[in-house]
Each structure stands twice: as structure tokens, then as C-alpha cells.
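**Q** Any chance you could fold what I've pasted below:
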Amino acid sequence: MTRPSWAPEGIDLDRPSASRVYDYFVGGMHNFEIDRELARQIEAFTPNIAETMRANRDLLRRLVRFLVDEGITQFLDLGSGIPTVGNVHEVAQARNPEARVVYVDIDPVAVAHSIAILDGNPKAGIIQADVADPERILTDPVVGELIDFSKPVAVLLLGVLHFVPDEVDPAGAVARLLKPCVPGSYVAITHATADGQPAEVLEGQKLSGRTSTEISLRTRDEIVTYFGDWTQLEPGLVHLPLWRPENPADVGAEPWRSGAYGGVARKDG
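**A** Just a heads-up that it's a prediction; the model follows:
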């Protein structure tokens, strides 16, 4: 296989990558036939899996546009995967060229691709770290260079906390990540759920992981605790298509089929 310019050396192109499978599902271009073949196998088993992933990506775009309009110029995107089509820095910098973004992912394949994609963009960076290790993230030199915690920041935890098992204390990890944030900061969370989901959707969620970590499907009541005492914005924690849709037609007849909740909160004091 001819290695395209965006594919870094050292990445095995003969094995599918879960990050590139996700990229394919959301309409990205950083994937290969071997990734698309695996994606088709997953989709044959769970036909709505692409819908779920696209709903999460669509919400990300809406969130970033909203946050930039609220004056946010700094984004910490945890569990970012490959910054594919409609990524945070693309959306944010289109609205405000001064916006700065740090991506964080535990997957070395995603990080390697991200480094290549972000080359030449001084206002966006990537680090390899585990969301369950906030201290490692907050003290990283790339974070220190691009994120000024004396000013409001948006912390994005989209589709990542369900990879953090209960014994690692995801709520505690979120609290430590948010501790240095000043008033005016925001946190956005999306999380897979078992609430109201048929068996085939639950199986699809397990197959859709970007790492080998088992997905922990949590209830709405469990997920809402991750916002702590920050002020939740309307409409609260809802199925992904229901969070401030730009077009009513985008919601669809069965928004619960997204298989995940999403919401945003602000630090007011």
C-alpha cells in the first residue's frame, strides 16, 4: 500500500485501527480499506452504529460553535481520537482564528496521526495521556503552552468517560480536571447509556470503542453527577440530537437511538 502524506511512519497500515474506523463512520478521510472493511462488519451487526457516532460528532460541532460564541478561546479535548472532519480546532478557528486547542488521547495510533495532521498549526497540539490521569494532563508542557487556566477554558469529555471503569473513579477524575478552571469555564460531556436501548444497540456500543477497554454503560442519573456543582445549561443532559439542534429535522423520530446523553455546564462561582 502506498503511504499517503498524512499517514506517519511507524503506523501499521495493514491492520485496522479503531481510531480510523471511527474516522470513517463520521465521514473523515483518514482511513484505509482495511478500516472500512471492519466498519462494514460492525455496521452489519448494528446498523445504527454510524448514526450514533455521527450524532456525537454533530453535537461536538454545535458545542464548539456555541462555546466560541460565548467567548471561549481555549479548548481541552479529552479522548479526541484522530482530529478528523469537523474537528474542534477546525470549527473553533473558523469562528475565531485565535482559538487554541489541545487534544488528548491514550491511543498511540490516534496521536501519531494527529501530530501529522496538526503540523503547521501553532495553536493546536496533541498529547498522549489517559483521561484517568488528570495530573499528567494538567502538567504537560503542551497544555501549559496553549492553555492559560487563569482564563476561561472549555473542557470537552465527549465519548470518553464510558471507557473509564468505576474502580478508577471517573467522577473523581473529572473533578480533578476541572479544579483549575476559573469561573466562566465550561465542561461538555457525552456518555453512552443503556437507558432504553435494545440488545443490538448495546452490543454495537461495545464494538465501537476506540480502545480495547470495556465500555461502561451508565444511567442518566450516574452521568449527571460528573458535572459536580457547575450550572447545567438548558436543555440539561439529554439524548445527543436533543441538545440545541440547529434544525428540528435533525432530531429525528427516535432521538434515543443515539444511545448516549450529552450536556454542558458552566462554572459560575
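**Q** For the stretch 151-269 of the chain, which segments are assigned as strands?
**A** All strands of the stretch 151-269 of the chain, identified by DSSP state E, counting those that start in this stretch, fall at 154-158, 186-192, 231-232, 238-239, 260-266.
**Q** Let's see the pLDDT reported for the nearest residue to Val153 once chain neighbours are set aside.
**A** Distance criterion C-beta to C-beta, 6 or more residues apart in numbering; nearest residue to Val153, sequence neighbours excluded, is Gln74 at 4.3 Å. Glycine gets a C-beta too; all of them are placed from N, C-alpha and C. Listed pLDDT for Gln74 reads 98.
**Q** List the contacts of Gln74.
**A** Gln74 makes contact with 99-101, 146-148, 151-154, according to C-beta atoms under 8 Å, 6 or more residues apart in numbering.
**Q** what about the helices in the stretch 1-150 of the chain?
**A** Ranges of helices in the stretch 1-150 of the chain, per DSSP state H, counting those that start in this stretch, are 18-25, 33-45, 49-69, 88-95, 108-118, 134-138, 141-146.
**Q** Just say which of the ones you listed is most tucked in.
**A** Neighbour counts (mean count of other C-beta atoms under 10 Å) averaged over each of the helices of the stretch 1-150 of the chain peak at helix 18-25, with a mean of 25.
**Q** Show me what that helix is packed against.
**A** Using 3 or more C-beta pairs under 8 Å, 6 or more residues apart in numbering; DSSP states H and E as the contact test, the elements touching helix 18-25 are helix 33-45, helix 49-69, helix 108-118.
**Q** And the pLDDT at Ile11?
**A** At Ile11, the pLDDT value in this model is 62.
**Q** picking up where we left off before, can the helices and strands packed on helix 18-25 go into JSON lines with extra columns for distance to Leu242?
**A** Below are the helices and strands packed on helix 18-25 laid out as JSON lines (distance: least, C-beta to C-beta, whole Å):
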{"stretch": "helix 33-45", "distance to Leu242": "24"}
{"stretch": "helix 49-69", "distance to Leu242": "10"}
{"stretch": "helix 108-118", "distance to Leu242": "28"}
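**Q** Any idea which of these gets closest to Ala260?
**A** Among the helices and strands packed on helix 18-25, helix 49-69 comes nearest to Ala260, with 6.5 Å by C-beta to C-beta.
**Q** what about the spatially most central residue of the chain, distance to Leu233?
**A** By C-alpha atoms, centre = their mean, the chain has its centre lying nearest to Leu158, at 3.3 Å. Counting by C-beta to C-beta, to the nearest Å, the gap from Leu158 to Leu233 is 15 Å.
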